[in-house]
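Asks: Requesting a structural model of the entry that follows:
(one chain, ligands or ions: 1)
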Amino acid sequence: MKNRHLTDSFRCAFRGIFQAFKTERNFKLHVLATIMVILFAWYFDFTKWEYMILIITIMMVIITELLNTAVEYTVDLVCGNKYSQLGKYAKDIAAGATLLAAFGAVIIGCILFIPKIY
Ligand SMILES: Nc1ncnc2c1ncn2[C@@H]1O[C@H](COP(=O)(O)OP(=O)(O)OP(=O)(O)O)[C@@H](O)[C@H]1O
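Replies: Residues are numbered from 1 along each chain as shown. Next comes the predicted model:
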C-alpha cells in the first residue's frame, strides 16, 4: 500500500502522531511539558535564538519518543507475547535514546531558564 498523493502522506504522518499521543503516557507528558515550557519562554521574553534552541530541544525529545513508540510497535508485531532477547535489546536501546534526549533537554532547560529566574 503506497500513498499516491502528498496529502495522504501528511494525513498518515499526523495519524501516527495522534496514535502515539493516544496510547503513550510519556508522549502526553512530553506534550504537556512542551506547552508549559513555551509559556515560560513567552513569560521570560526569550530571544529568537533562545526560542530556536528550545524548539530544537523539544523536537529532539518528541521525535525520539515517536521513534521509540515505532520500535515498540514493531517489536510487538514481530514477537507478539513471546520473549525475545533481540526484541528486548531493540526496545531498551530505543528507550535509551529517549532517555538521553530527555536528559539533554533538562540540561538545556537549566542553562536557558536558571539565569532568567535569578
Ligand atoms: N517481547 C519482548 N521480549 C523481551 N523483553 C521485552 C519484550 N517486550 C518488552 N520487553 C522488555 O520490557 C520493557 C518494557 O517494554 P514495553 O513494551 O512495556 O515498553 P514501555 O514500558 O511501553 O516503554 P516506554 O516506557 O518507553 O513507553 C522493554 O524495555 C524490554 O526490556
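
Asks: Excluding sequence neighbours, find me the nearest residue to residue 74.
Replies: Leaving aside its sequence neighbours, residue 74 sits nearest to residue 90 (C-beta to C-beta, 6 or more residues apart in numbering; 7.7 Å). C-beta: built from backbone N, CA, C; applies to glycine.

Asks: what comes into contact with stretch 81-99?
Replies: 26, 61, 64, 65, 67, 68, 71, 72, 74, 75, 78, 79 (C-beta atoms under 8 Å, 6 or more residues apart in numbering).

Asks: Check the offset of that stretch from the chain's centre.
Replies: 17 Å (C-alpha atoms, centre = their mean, to the nearest Å).

Asks: Which residues belonging to it are considered buried?
Replies: Buried residues in stretch 81-99, counted by 16 or more other C-beta atoms under 10 Å: 87, 90, 91, 94, 95, 97, 98.

Asks: Over stretch 109-118, what's the mean pLDDT, rounded is fine.
Replies: Stretch 109-118 carries an average pLDDT of 93.

Asks: Please save the CA atoms from that stretch in CSV.
Replies: Taking Å, rounded to 0.1, in the frame of the first residue of the first chain, the C-alpha atoms of stretch 109-118 are listed here in CSV:
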residue,chain,number,x,y,z
GLY,A,109,16.3,23.9,30.1
CYS,A,110,18.5,24.6,33.1
ILE,A,111,21.0,26.6,31.0
LEU,A,112,18.2,28.7,29.4
PHE,A,113,15.8,29.2,32.4
ILE,A,114,18.0,29.4,35.5
PRO,A,115,19.6,32.8,34.5
LYS,A,116,16.2,34.2,33.7
ILE,A,117,14.8,33.1,37.1
TYR,A,118,17.6,34.8,39.0
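
Asks: Show me how far that stretch is from its chain's centre.
Replies: Stretch 109-118 sits 22 Å away from the centroid of its parent chain (C-alpha atoms, centre = their mean).

Asks: neighbouring contacts of that stretch?
Replies: Contact partners of stretch 109-118, identified using C-beta under 8 Å, 6+ apart, comprise 37, 40, 41, 44, 46, 50, 53, 54, 57.

Asks: Give me the subset of those lying in helices.
Replies: Counting by DSSP state H, the contacts of stretch 109-118 place 37, 40, 41, 50, 53, 54, 57 in helices.
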